[in-house]
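Trainee: Need a 3D model of the following:
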Amino acid sequence: MLDEKGLGDLKGEVAIASAKKAYEIYKRVFSGPRWEKLAAQGAQPQRLLWASTSSKNPAFKDTKYVEALIGADTVDTVPLETIEAFRDHGIAENTLEQGLDKATETLDRLKKAGIDIDKITQQLEDEGIDKFNKPFEKLLQAIEDQKNK
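Mentor: Sure thing, here's the model as predicted:
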């Protein structure tokens, strides 16, 4: 889709831009007088979860997404192969708040090209949920089968 719109240079960048903007919103929600009042009463911030941040495109650095999404109050689930790659040659640096202007520009370019990021995000979310639901249902069935033996 990016190639069709002349935006091939954004391959691998849209997800990072979206995550950076989400983190920007997260930081805004969990700061300021309203949040401080809640925190004074014991409220704890929920952490953002980056799930399965491996590089599926062999043209990209194998630690591309892990390195781009390092920030305070986040959790990242990473396949073992990516963890090993990161241990070997990854760069551990707080990067999540770097390049916010570039992230905004990336998402603006999508919008101007007529790419509906909300629609694509919903599709990916639905597919992701399906990928988690099927193994979960299989696990529940295996437990039920063991219980009935």
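
Trainee: Could you list the buried residues of stretch 69-87?
Mentor: By 16 or more other Cβ atoms under 10 Å, the buried positions in stretch 69-87 come out as 69, 70, 71, 76, 78, 82, 85, 86. Placement of C-beta: from N, CA and C, glycine included.

Trainee: As a markdown table, those residues with pLDDT and secondary structure would be great.
Mentor: Output for the buried residues of stretch 69-87, formatted as a markdown table (pLDDT from 0 to 100; DSSP: H, G, I helix; E, B strand; the rest coil):
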| residue | pLDDT | secondary structure |
| --- | --- | --- |
| 69 | 96 | coil |
| 70 | 96 | coil |
| 71 | 95 | coil |
| 76 | 95 | strand |
| 78 | 93 | coil |
| 82 | 95 | helix |
| 85 | 96 | helix |
| 86 | 97 | helix |
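
Trainee: show me where this structure has strands.
Mentor: Here the chain has its strands, by DSSP state E, at 48-50, 74-76.

Trainee: What distance do you get for the most centrally placed residue in the chain to residue 96?
Mentor: In the chain, the C-alpha nearest the mean C-alpha coordinate belongs to residue 50, at 3.9 Å (Cα atoms, centre = their mean). As for residue 50, its distance to residue 96 is 9 Å (criterion: Cβ to Cβ, to the nearest Å).

Trainee: Show me whatever sits in contact with both of these two.
Mentor: 19, 69, 74 (Cβ atoms under 8 Å, 6 or more residues apart in numbering).

Trainee: Pretty sure residue 49 sits against residue 75.
Mentor: Yes: using Cβ atoms under 8 Å, residue 49 is in contact with residue 75, at 5.0 Å.
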